[in-house]
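Colleague: okay, predicted coordinates and the sequence, questions at the end:
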Amino acid sequence: VPVLIALAALSWFATRDEPDRPIDFGEWDWVLITDFDNRTGENVLEGTVEYALQRELNNSRFVKVVPRDRINAALAMMKRPPDTRIDGEVGRELSLRDGGIRMLVTGRIEKLGNRYLVGTDLLNPSDGVTLASFAREAEGQEDILGKVGELAREVREALGESLASIEESEAALLKATTPSLEALRLYSEADRLMRTPERPKAAGLLEQAVRIDPEFASAYLLLVYLYRDAGDPVKTQAALEQAVGLADQTTERERLFILATYYRYLDDPQREIETYELLVRLYPDHGWARGNLAHLLSWQGRFDEAAPYFAELAEQSPNDLFNQFTAAQSLSFVGMDDEARAFLDRTEALNPFPWLRAQITVLPAVVAWAQRDVTASREFTDALVENMEPETLLAQQELFTQVRSLYLATGQLERLRQMSGLRSGLGWFDAMMDWSMGNQDTLLT
């Protein structure tokens, strides 16, 4: 009898009908994929199935998948740690706080004998109502990733993506990043670590992944960045060569990111920019590509072109404090003051840290200096200092440091020295400054 009950339950799980309620979802709306409920007890499936679904949906040119950085920013607003499990309840709260997530995708995987059943639900975050359910049966572990691909197609159809668009990308999707569940599990954990202070630990996981699947191009690509961080040019070059050599076996999204990285190491910024521009145009949810493009344009002094990308990055992560301020700063540099003000307001609402609050306070002086209006920068800084009691300014250490930096940047060394006099005792920097101004006694003492 228990076996019959289990079979009946699994049969129901696999064949539920979709409700009649229409799905309100538009092109480039956001979906949040929650952590799947792994009921198999098999560790290799923990976090792997939902990651596989995310990578499938990432290749859609209709759906945008909420990236981990945006999830972490929302968790911080909820005063939850970044390793919080995103189950259906947490996912719904996160979606409501975020305000821009249109659909919640939950899922589960079960096992009976050698068979696996993988299912997904589409939920409306505003009321928690299930709008559609899909499931597939896999004959064994080696069949699971293929079934996840079929589920991704069902989800895309349900959200309103055209069959023509889905079929156009399916040829690339069949090239699946890796056929190995264990390699994908290691990669997904490494991808998570890449966004944390434990980033260096990701290298060991990725090295295991490419030993399991030597043709895992995206794993080699992440190793490029990690080996570069570690200052190992030999390993960096070897990993890059592997990634580029395998690029044509990946999806278009992965291939373009590999090529952009390749052009970086060829020191070909124009081709790198062009590749990132294409990648962002085809896949607007690719946050790394958008961020890299914005910074690359800034480094070349193309601030007018960079500012919109910084703004879009901030729009895609409305709870990310640093993205909001960076957008405000970049828009201010190009004279888009009204747009910058909106992002500054968001930054203030996110309760910035003291040093960032200090940067907000002196932003007009920084902008004037960046625009080569040294007089305006000096006047703003002088007015700021004159309107504060010395004790108050000194107590706000972060603001005190910013003011000193502005005096140095605008060549007001006497004013900088006066600021130093507010403190008891002089540091090495003040001694060196005195020495440069002809007072060697300070340095000697």
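Modeller: Cool, got the structure.

Colleague: quick check: closest non-adjacent residue to residue 60.
Modeller: residue 156 (5.6 Å; CB to CB, 6 or more residues apart in numbering). Heads up, the C-betas are built off the backbone N, CA and C, glycines and all.

Colleague: helix, strand, or coil at the one you found?
Modeller: The three-state label given to residue 156 by DSSP: H, G, I helix; E, B strand; the rest coil is helix.

Colleague: okay, now the unreliable bits of this protein?
Modeller: Scanning the chain for pLDDT under 70 picks out the ranges 1-21, 170-177, 423-445.

Colleague: again, only this time at 80
Modeller: Low-confidence segments of the chain, defined by pLDDT under 80: 1-22, 168-178, 413, 416-417, 419-445.

Colleague: residues contacting residue 185?
Modeller: Contacts for residue 185 (CB atoms under 8 Å, 6 or more residues apart in numbering) come out as 44-48, 51.

Colleague: just residue 407 next, same as before
Modeller: Contact analysis of residue 407 by CB under 8 Å, 6+ apart lists 381, 413, 415-416, 419.

Colleague: in three-state terms, label it for me.
Modeller: Per three-state DSSP, residue 407 ends up helix.

Colleague: nearest residue to the middle of this structure?
Modeller: Nearest to the geometric centre of the chain sits residue 69, at 3.9 Å (CA atoms, centre = their mean).

Colleague: one step back: can you redo the contacts of residue 185 as TSV with neighbour count and secondary structure?
Modeller: Shown next, in TSV, are the contacts of residue 185 (neighbours: other CB atoms under 10 Å; DSSP: H, G, I helix; E, B strand; the rest coil):
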residue	neighbour count	secondary structure
44	17	helix
45	22	helix
46	17	coil
47	18	coil
48	26	helix
51	20	helix
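
Colleague: residue 310: which of those is nearest?
Modeller: residue 51 (28.2 Å; CB to CB).

Colleague: the closest one contacts residue 184, correct?
Modeller: Yes. The pair residue 51 and residue 184 passes the contact test of CB atoms under 8 Å, sitting 6.5 Å apart.

Colleague: which residues touch the helix or strand containing residue 344?
Modeller: Per DSSP states H and E, residue 344 falls inside helix 337-349. Helix 337-349 has contacts (CB under 8 Å, 6+ apart) with 311, 314, 318, 321, 324-325, 327-329, 331-332, 356, 360, 363.

Colleague: sitting in helices, which of those do you find?
Modeller: Cross-referencing those against helices under DSSP state H gives 311, 314, 321, 324-325, 327-329, 331-332, 356, 360, 363.

Colleague: these two touch, right, residue 403 and residue 382?
Modeller: No. Between residue 403 and residue 382 there is no contact, the gap being 9.7 Å when judged by CB under 8 Å.

Colleague: out of the two, which sits in the more crowded spot?
Modeller: Higher neighbour count among residue 403 and residue 382: residue 403, with 24 against 16, using other CB atoms under 10 Å.
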